[in-house]
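Trainee: The sequence and its predicted three-dimensional model are supplied below.
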Amino acid sequence: MKRWIALLIAQLTILALLLWPDSYTGLRTLDILQLATGYRAKEICSCLFVLERSEQDCDAWTRDIAMGAAYRVDKSSKSVTGSFQWLGAARPIFPSVAKFQDERRGCLLQR
């Protein structure tokens, strides 16, 4: 019984930390994670399809600032999906998609 209560308190504490806004920026941790996946998707897309660099160069260029966000490239549709795959989740967490539009506009975040 004590273990069940301890687990419940731990889960509620983690949830509160994810939803609690930062005192400086006002952003919640959840918002920051969504920004990280969007940043990674947009920058990888721009690097690959606008600058036409290799995927290894683009990965190294964005790896440090994206907080471990993974990405998946779809070269046929010229799009990149950024997401987190934490704690054995069945589906990606906080997915963001950037798609190459044209030479003038470059890549835009779709969601």
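Mentor: Perfect, I can see it now. Numbering: from 1, shown residues only.

Trainee: thinking P21 is in contact with I32, fair?
Mentor: No: using C-beta atoms under 8 Å, P21 is not in contact with I32, being 10.5 Å away. Where C-beta positions appear, they are placed from N, C-alpha and C, glycine not excepted.

Trainee: Could you check which of these two has the larger neighbour count?
Mentor: Taking other C-beta atoms under 10 Å, P21 and I32 do not tie; I32 has more neighbours (14 against 11).

Trainee: what about the more buried one, which SS state?
Mentor: Here I32 is recorded as helix under DSSP: H, G, I helix; E, B strand; the rest coil.

Trainee: List the contacts of the closest residue to C107 other than its chain neighbours.
Mentor: Spatial nearest neighbour of C107, chain neighbours left out: C45 (3.7 Å); criterion: C-beta to C-beta, 6 or more residues apart in numbering. Applying C-beta atoms under 8 Å, 6 or more residues apart in numbering to C45 gives the contacts K78, S79, V80, A98, K99, F100, C107.

Trainee: Can you report phi and psi for the second one?
Mentor: Backbone torsions for S79, taken as degrees, to the nearest 10, come to phi -140, psi 160.

Trainee: Across the sheet, point out what pairs with the closest residue to it other than its chain neighbours.
Mentor: Spatial nearest neighbour of S79, chain neighbours left out: K99 (4.2 Å); criterion: C-beta to C-beta, 6+ apart. Assessed by DSSP bridges, K99 has beta-bridge partners S79, L108.

Trainee: my guess is K99 contacts V73, does it?
Mentor: No: K99 is beyond contact range of V73, at 11.5 Å (criterion: C-beta under 8 Å).
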